[in-house]
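[1] structure, please.
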Amino acid sequence: MEEPLNERVMNGVQPNKIFVGGLPKAITVQEFHDFFVQFGPIKDSVVMHDKVTGRPRGFGFITFVSVEVVEILVQTRLINLNEKTVEIKRAIRKVEENNDQQNQQQQQYDNNINHQHNEQQHRIINNNATYNNYQGFPPLKFFKDILELFKN
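    Numbers count the residues shown, from 1 in each chain. As a prediction, this is how the structure comes out:
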């Protein structure tokens, strides 16, 4: 069975869902919902919270029943909510597959780089990896060693 147009996600965009940024810190989910219901029937509303502290992160999402409401709000772009201007954009879903693909590409790149290093390069990097209890390379000594390596 095919999903209705309102439910389809095309290129990460869900046509009936908006992102609302710049929310007042003290806003509740109920206040958030009650404000936006004036524009049209709502399927879902959520205010995002920090997983560690539990505090609101300053943004949320509203899923409307109608795509037309979203079109109007996105064109409006800025709305005053509880005496604070909030920004409205189309909600774009994060694509997990893309992140997995990027991670695989990064891992493959790292593996290729690691195989290209010879023993002398590893020695230079390892000798310079910790300097005066600081991680990282002491710039001058490290670059002198690298220049010496390329002279040979």
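[2] going forward, measure contacts between C-alpha atoms and count neighbours the same way
    Noted.
[3] ranking helices and strands of this structure by mean pLDDT, which lands last?
    Least confident helix or strand, the chain: strand 134-135 with a mean of 46, by mean pLDDT, DSSP states H and E.
[4] low-scoring stretches of the chain, by residue?
    Within the chain, the ranges that satisfy pLDDT under 70 run 1-12, 95-152.
[5] in it, which spans are helices?
    With helices called from DSSP state H, the chain shows them at 29-36, 67-76, 96-116, 119-128, 139-151.
[6] buried set for the second one?
    Pointing back at helix 67-76 there. Within helix 67-76, the residues that qualify as buried are V67, V69, V70, E71, L73, V74, counting by 16 or more other CA atoms under 10 Å.
[7] same check, this time on the first one
    Applying a neighbour-count criterion of 16+ other CA under 10 Å, the buried positions in helix 29-36 are F32, H33, F36.
[8] just give me the closest of the residues you listed to P56.
    Nearest to P56, judged by CA to CA, of these is F32 at 12.0 Å.
[9] how close does that closest one get to K94?
    Per CA to CA, to the nearest Å, F32 is found 23 Å from K94.
[10] can I assume K25 is in contact with G54?
    No - K25 is beyond contact range of G54, at 11.8 Å (criterion: CA atoms under 8 Å).
[11] so what's N82 up against?
    When contacts are counted by CA atoms under 8 Å, 6 or more residues apart in numbering, N82 touches P24.
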